[in-house]
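Colleague: Dropping a prediction and its sequence here:
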Amino acid sequence: MSEQPYESKAKRPSKAEWANTLLLKLKTALDEGMNPEQALETLTLRQYDFLIDYGVDLDEYVLSPEQRQNIHDLMKKGTGRPQFPNGYDKKYPKAKVDLYRSIEQFLLEQGAAVTPRQKPNFRDIDFDIDGVKYRIVLSVPRT
């Protein structure tokens, strides 16, 4: 007597069908008056991960249009640097500025052509002596 493996007659749902089933579960929970957090808690962790991996935007289902707009505005705003009308005006230590100016003056006395920067940074000095270009970088290593 040969044994045949058990074959399930029920067809396994496709990923799209499974996603729709889980989204219907969320919608039903929201329609019953649950808040978004409670509605998401009706899903198991595996179901939640499936929806995220499948690419479902859960915000669309659990947040109101006003909440989605507020989140969108916050994300759009960003946390970039503040914009200054005349650019950022950094304060440099007096000792570093004096050292920079002394080196620059020495190079000029030696006949070097110092290339001016558009905005002085008191860090890089580009110069040319006898057709050879050089750069001196003043840096303060962290200790």
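Modeller: Cool, got the structure. The shown structure was predicted, so the numbers you read here are calculated from the model rather than taken from an experiment.

Colleague: Check the burial of residue 27 by counting its neighbours.
Modeller: By other Cβ atoms under 10 Å, 13 other residues sit near residue 27. Where C-beta positions appear, they are placed from N, C-alpha and C, glycine not excepted.

Colleague: Ramachandran coordinates for it?
Modeller: Main-chain dihedrals, residue 27, degrees, to the nearest 10: phi -60, psi -40.

Colleague: Kindly provide the distance from it to residue 17.
Modeller: For residue 27, the distance to residue 17 equals 15 Å [Cβ to Cβ, to the nearest Å].

Colleague: before we move on, what about residue 98?
Modeller: The gap separating residue 98 from residue 17 is 74 Å, by Cβ to Cβ.

Colleague: ok, now residue 118?
Modeller: Looking at residue 118 against residue 17, where the rule is Cβ to Cβ, the gap reads 61 Å.

Colleague: now swap in residue 101 and tell me
Modeller: According to Cβ to Cβ, residue 101 stands 74 Å off from residue 17.

Colleague: Residues contacting stretch 95-105, please?
Modeller: Around stretch 95-105, the neighbours that count as contacts under Cβ atoms under 8 Å, 6 or more residues apart in numbering are 114, 122, 123, 125, 136, 138, 140.

Colleague: want to throw those residues into TSV with neighbour count, secondary structure and distance to residue 38?
Modeller: Supplementary listing: these in TSV, determined by neighbours: other Cβ atoms under 10 Å; DSSP: H, G, I helix; E, B strand; the rest coil; distance: Cβ to Cβ, whole Å:
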residue	neighbour count	secondary structure	distance to residue 38
114	14	strand	69
122	17	coil	58
123	14	coil	56
125	19	strand	64
136	13	strand	64
138	13	coil	60
140	9	coil	55
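
Colleague: Redo these as TSV? Include distance to residue 55 and pLDDT.
Modeller: Shown next, in TSV, are the contacts of stretch 95-105 (distance: Cβ to Cβ, whole Å; pLDDT from 0 to 100):
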residue	distance to residue 55	pLDDT
114	57	93
122	50	88
123	46	90
125	53	93
136	53	93
138	51	90
140	48	84
